Structures are given as C-alpha cells and as structure tokens.
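1. Give me a 3D structure for the following:
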Amino acid sequence: MNQEYSGSGDQARSLELLWRRRPRPTRGPKPALTVEGIVEAAVRIADAEGIGAMSMRRVADELGVGAMTLYRYFPGKGELLDVMLDTVYGELPRRDVDGDWRARLDEVARENRELYLRHPWMLQIAVNRPPLGPHVMAKYEYELEAVEGIGLTDVEMDATVALVNGYVHGAVRTDVEARQVIQRSGMTDKEWWLAHVPHLDKIADAQQFPLATRVGTTVGNEFDAPYDSDHAFEYGLARLLDGVSALVENRSGPKV
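-> Prediction:
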C-alpha cells in the first residue's frame, strides 16, 4: 500500500478549508467549482482507484477543468487529503446505543470498520497528525462519550478509544489486503488452500509439527481457508473489550 500523511500541508489553510472559514467572494463571476465538489471527486477517485491515483491533475481531469484551476481552492494535495478525511468521517452514523459502555464501544468499533471497508484508501493515510476538522472532532467526542463516567481517567479514556481505533485499523487493513490478494491472483482462499494441501501433505511432517498440523487443519476445515477476517475481527474485538472490562471492574471493585 502507498503511504500518505495527514497534516502535511499548510496548517492554516487546511483549517480554513476544514471549517469553511475562507470568505466567499461577493463580487465577480460565480466560482466554477466548490470545495465540496472537489472533495467529492477526489473521494470517488480514491474509492475506485486507490489513494495513489488521486492527484490534483487527476481530480481536475475528473471535473473537466485544468489542474491550475484547483489551486484556486486548495494549495496542494496535502490540504485536499485533510478535507477528504474529515469529509468521510462525517459519514459515521454515531448511533445512540442502548446499553452499557461495552455496547457503546462495540458500536464505535463496528462503525469505524464499516467506514474503512467503504473507503479502504483511508488505511493508506497515517493520521498521527489528524486533520482537526468538525467531523474529526465530532467523532472523537462521540467515542469518548462511550467511556465517560465508567471510572477511567481522562488519559485512560483517550487511550481506550485509541486502542479500539488501532485494533479496527489493523484488522481492516489485513482484511483489505486479503481481498486484494484474491483480486490480483484470481484465486479464492479456498482454491489456494485446496491447491496447497496435497503438496503440504507430501512435504510437512505431522509428527514434527503436531500442534501446527492439528490446529491448522481444524482452522482450514472450519473456514475453507487459513484465515477468516470476520471471525478474526469478532474474536479480537471481544477479547479487547474483555480487557477494558477487567480494568473497569478493578476500578469499581472494593478497596482493600
């Protein structure tokens, strides 16, 4: 996967664009484009072709204008990436969930997974310096609300939200890469598994690797593949939430 970085452009201009603080001209001809229209075109390209295909020139071609026209709206690709990210974060439903913190945090994980699967190019953008736009801020607020008032410190609340988001990011990245392998190889996981098993049976020594043989065979029979992304996600999320639960229970338990 190609790697891009948020926060790589001019921060003042990015914030103006993210919060739409740049005043619109009141005189002269009506602008040919809008920030929203440019971002929608960029997201369409990234969804269809990957973030590596998204460039100022490519977006201009999509909109039927010259590349220099875009620079009247965006200083460069860095600022455009920031607004793209903030825009797609706005798609998160941020549903009100009945139940305790675990149900709310579970929903946070699932909403983020759905978003990544819908826009896998997001996985190719490192967000150590996140675009501080309205949708990013709303996302953070919503996710913190899932763990508000359960006995965690503010630092622990932030770390718990980051832990869940990091888990989802890694899980979906593996899922997307697995789908890309199928697409590029023209072979499903089951087909790959069936093609390799006869050769593996001839070469591998089950007595030398008894656990690997037993467990690997069980998994292969269970999923018709060496790996199942849905099962892996559900299992990992449940164990992660078990860990948070242990921390919360320890905080609310009797003091000795």
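2. can we go C-alpha only for contacts and neighbour counts from here?
-> Will do.
3. quick one, helices of the stretch 1-150 of the chain?
-> 11-18, 35-49, 56-63, 67-70, 77-89, 101-118, 134-145 (DSSP state H, counting those that start in this stretch).
4. how about JSON lines for the ones you listed, with mean pLDDT and mean neighbour count added?
-> What follows is these, written out as JSON lines (pLDDT from 0 to 100; neighbours: other CA atoms under 10 Å):
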{"stretch": "helix 11-18", "mean pLDDT": "95", "mean neighbour count": "18"}
{"stretch": "helix 35-49", "mean pLDDT": "97", "mean neighbour count": "17"}
{"stretch": "helix 56-63", "mean pLDDT": "97", "mean neighbour count": "18"}
{"stretch": "helix 67-70", "mean pLDDT": "93", "mean neighbour count": "16"}
{"stretch": "helix 77-89", "mean pLDDT": "98", "mean neighbour count": "23"}
{"stretch": "helix 101-118", "mean pLDDT": "98", "mean neighbour count": "18"}
{"stretch": "helix 134-145", "mean pLDDT": "98", "mean neighbour count": "17"}
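5. Make a markdown table out of those and add distance to Phe233.
-> Shown next, in a markdown table, are these (distance: least, CA to CA, whole Å):
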| stretch | distance to Phe233 |
| --- | --- |
| helix 11-18 | 32 |
| helix 35-49 | 23 |
| helix 56-63 | 34 |
| helix 67-70 | 40 |
| helix 77-89 | 21 |
| helix 101-118 | 9 |
| helix 134-145 | 19 |
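6. out of the ones you listed, nearest to Gln183?
-> helix 35-49 (13.5 Å; CA to CA).
7. CA atoms only: put that closest one into CSV for me.
-> What follows is helix 35-49, C-alpha atoms only, in CSV (Å, rounded to 0.1, in the frame of the first residue of the first chain):
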residue,chain,number,x,y,z
VAL,A,35,-14.7,22.8,-2.1
GLU,A,36,-17.4,20.2,-1.6
GLY,A,37,-17.4,19.3,-5.3
ILE,A,38,-13.7,18.9,-5.5
VAL,A,39,-13.6,16.7,-2.4
GLU,A,40,-16.4,14.5,-3.7
ALA,A,41,-14.4,14.0,-7.0
ALA,A,42,-11.2,13.2,-5.1
VAL,A,43,-13.1,10.6,-2.9
ARG,A,44,-14.6,9.0,-5.9
ILE,A,45,-11.2,8.6,-7.5
ALA,A,46,-9.7,7.2,-4.2
ASP,A,47,-12.5,4.8,-3.7
ALA,A,48,-12.3,3.4,-7.3
GLU,A,49,-8.5,3.5,-7.9
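8. among the helices of the stretch 1-150 of the chain, which is nearest Gly151?
-> Among those, the nearest to Gly151 by CA to CA is helix 101-118 (11.0 Å).
9. mind listing the strands for the stretch 151-256 of the chain?
-> Using DSSP state E, counting those that start in this stretch, the stretch 151-256 of the chain contains no strands.
10. For it, which residues score under the pLDDT cut-off?
-> For the stretch 151-256 of the chain, the stretches with pLDDT under 70 are 253-256.
11. at 80 instead, please
-> Along the stretch 151-256 of the chain, the parts satisfying pLDDT under 80 run over 193, 197, 200-202, 204, 252-256.
12. Tell me where the longest helix sits in this protein.
-> Ranked by residue count under DSSP state H, the longest helix found in the chain is helix 154-185.
13. Could you name the stretch from the helices of the stretch 1-150 of the chain that's closest to Thr218?
-> Nearest of the helices of the stretch 1-150 of the chain to Thr218, taken as CA to CA: helix 101-118 at 27.4 Å.
14. Okay, angle between that closest one and helix 154-185 too, please.
-> Going by axes from the mean of the first three to the mean of the last three CA atoms, to 10 degrees, helix 101-118 is angled at 30 degrees with respect to helix 154-185.
15. Just the CA coordinates for helix 101-118, please, in PDB.
-> Provided in PDB are the C-alpha atoms of helix 101-118 (Å, rounded to 0.1, in the frame of the first residue of the first chain):
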ATOM      1  CA  TRP A 101     -20.200   1.200  27.900                       C
ATOM      2  CA  ARG A 102     -19.300  -2.100  26.300                       C
ATOM      3  CA  ALA A 103     -22.200  -1.900  23.900                       C
ATOM      4  CA  ARG A 104     -21.300   1.700  23.000                       C
ATOM      5  CA  LEU A 105     -17.600   0.900  22.500                       C
ATOM      6  CA  ASP A 106     -18.600  -2.200  20.400                       C
ATOM      7  CA  GLU A 107     -20.700   0.100  18.200                       C
ATOM      8  CA  VAL A 108     -17.700   2.500  17.800                       C
ATOM      9  CA  ALA A 109     -15.600  -0.300  16.500                       C
ATOM     10  CA  ARG A 110     -18.200  -1.500  14.100                       C
ATOM     11  CA  GLU A 111     -18.900   1.900  12.700                       C
ATOM     12  CA  ASN A 112     -15.200   2.500  12.100                       C
ATOM     13  CA  ARG A 113     -14.900  -0.900  10.400                       C
ATOM     14  CA  GLU A 114     -17.700  -0.200   8.100                       C
ATOM     15  CA  LEU A 115     -16.200   3.200   7.100                       C
ATOM     16  CA  TYR A 116     -12.800   1.700   6.400                       C
ATOM     17  CA  LEU A 117     -14.300  -1.100   4.300                       C
ATOM     18  CA  ARG A 118     -16.200   1.500   2.300                       C
END
